[in-house]
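Asks: Model the structure of this input:
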Amino acid sequence: MSAHVPRPDLRAGRGAPENRTPTRFNLNAREADGDWLDAREELDGGPPPLRTTVTVEHPRTIIARNQSPDIGFDRSINPYRGCEHGCIYCFARPTHAFHDLSPGLDFETKLYAKPNAAALLRNELGKPGYVCRPMALGTNTDPYQPIEGKWRITRSVLEVLAETRHAFTITTKSDRVLRDVDIISAMAKQRMANVALSVTSLSPDISRTLEPRAPAARKRLAAVRKLVDAGVPCTVAIAPVVPQVTDHELEAIVEAAAEAGASGVFYLPVRLPHEVAPLFRAWLDEHYPDRARKVMATIQAMRGGKDNDPNWFSRMRGQGAWAELLRTRFEIAAKKHGFPKDKRPLRTDLFEPPQGPQLRLL
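Replies: Numbering: from 1, shown residues only. All right, here's what the predicted structure looks like:
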């Protein structure tokens, strides 16, 4: 059993139990433009809740490219940097170190928004020689975190993708995706859109600390049903699976996905890159001190004896007996509920480049 360490940074309703100063990068901070007041009521005693601030970011491009052979997309858009959902395991946390901010509580409370994302996208899609392949949204931070309700950047991006008939995928932990069901459904009917809802745990008690500001699993599964009813292919992502904490729910989540009408399901073992590993260890010590060592021992057994395995392919599935057990359990459950192994590809042949200042000559 791990000894409990007092953590002065700990805040109710937040995921990271501490706010370590980043040490890998040293970049200047940017000016903040307004803030979003924490709606949680102050608790008696203890430190006050943290306010969420939003900083306007002005990138020169919006499409991020990758050449990773173990990822099923080669381009993505992230309307926001940082994420208020506060998932302790989020592999995007280290990106906040680029701004001399902590991957801990700063990642959850000091957010960046890119309001010119749609304009940048229109410009990039209109460049000569652009070749259409599915655009992925939600691959880094959640495009439907709470501030999307005010900023609506994700919707503006979808509007450009719909206008140009550009295929896209969405990955989210939020039922807020239903706000854009009009666009998503219309594109899905032309086989140009699909959505993945991540469901990590069906237990409110586990979710309350694991991903404290993400909508409840029941809301996400209800969103799956509504999307399916609207004609949208919808996958349930059991991502990540945390051994000794959520792995016992694997079969139950697969069953829940089937009952919600999902067209597919997949899982990913937890990853702990860079600053995520010490944050996750601190989280275990705070919330699961009785099994902290056992959890980390199991993760290391799946990661070649380390906290994290950055190697292509193995990082997505793990290795060793524990990883093989998860794979076998998942495959049996998926087969039982009739989930296919492969998903239907999206159409990219309908793409129409955006019109410039003058209409194109016919």
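Asks: looking at it, Gly104 is touching Leu279, isn't it?
Replies: Yes - applying C-beta atoms under 8 Å as the test, Gly104 and Leu279 come out as touching, 5.6 Å apart. Every C-beta, even on glycine, is put in place using the N, C-alpha and C of the backbone.
Asks: Confirm that Arg225 sits in a helix.
Replies: Yes - the assignment for Arg225, made by DSSP: H, G, I helix; E, B strand; the rest coil, places it in a helix.
Asks: for this protein, longest strand please?
Replies: Longest strand in the chain, counting residues (DSSP state E): strand 234-241.
Asks: need the next SSE after it, C-terminal direction.
Replies: Tracing the chain past strand 234-241, the next element assigned as helix or strand by DSSP states H and E is helix 250-259.
Asks: Which elements pack onto the helix or strand following that following helix?
Replies: Later in the chain than helix 250-259, the nearest helix or strand by DSSP H and E is strand 264-269. Here strand 264-269 touches strand 234-241, helix 250-259, helix 314-317, helix 320-336, going by 3 or more C-beta pairs under 8 Å, 6 or more residues apart in numbering; DSSP states H and E.
Asks: just how off-centre is strand 264-269 within its chain?
Replies: 13 Å (C-alpha atoms, centre = their mean, to the nearest Å).
Asks: and if you look at stretch 346-355?
Replies: Worked out by C-alpha atoms, centre = their mean, stretch 346-355 lies 26 Å from the chain centre.
Asks: Next: stretch 320-336.
Replies: Using C-alpha atoms, centre = their mean, the distance from the centre of stretch 320-336 to the centre of the chain it belongs to is 23 Å.
Asks: How about stretch 122-138?
Replies: 21 Å.
Asks: ditto for stretch 70-79
Replies: For stretch 70-79, the distance to the chain centre is 12 Å (C-alpha atoms, centre = their mean).
Asks: how about the helices and strands packed on strand 264-269 in TSV, adding mean pLDDT?
Replies: Shown next, in TSV, are the helices and strands packed on strand 264-269 (pLDDT from 0 to 100):
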stretch	mean pLDDT
strand 234-241	98
helix 250-259	98
helix 314-317	94
helix 320-336	98
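Asks: closest one to Leu268 among these?
Replies: In terms of C-beta to C-beta, the element of the helices and strands packed on strand 264-269 nearest to Leu268 is strand 234-241, at 4.2 Å.
Asks: which strands and helices sit next to the host helix or strand of Leu284?
Replies: Per DSSP H and E: Leu284 is located in helix 276-287. Here helix 276-287 touches helix 292-302, going by 3+ C-beta pairs under 8 Å, 6+ apart.
Asks: quick check: angle from the helix it packs on to strand 234-241?
Replies: 110 degrees (axes from the mean of the first three to the mean of the last three C-alpha atoms, to 10 degrees).
Asks: Put the alpha carbons of helix 292-302 into PDB.
Replies: Output of helix 292-302 as PDB, limited to C-alpha atoms (Å, rounded to 0.1, in the frame of the first residue of the first chain):
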ATOM      1  CA  ALA A 292      -1.600   1.700  -6.500                       C
ATOM      2  CA  ARG A 293       1.500  -0.600  -6.700                       C
ATOM      3  CA  LYS A 294      -0.600  -3.400  -8.300                       C
ATOM      4  CA  VAL A 295      -2.000  -1.100 -10.900                       C
ATOM      5  CA  MET A 296       1.500   0.200 -11.900                       C
ATOM      6  CA  ALA A 297       3.000  -3.300 -11.900                       C
ATOM      7  CA  THR A 298       0.300  -4.400 -14.300                       C
ATOM      8  CA  ILE A 299       0.800  -1.400 -16.600                       C
ATOM      9  CA  GLN A 300       4.500  -2.000 -16.600                       C
ATOM     10  CA  ALA A 301       3.900  -5.700 -17.400                       C
ATOM     11  CA  MET A 302       2.100  -4.500 -20.500                       C
END
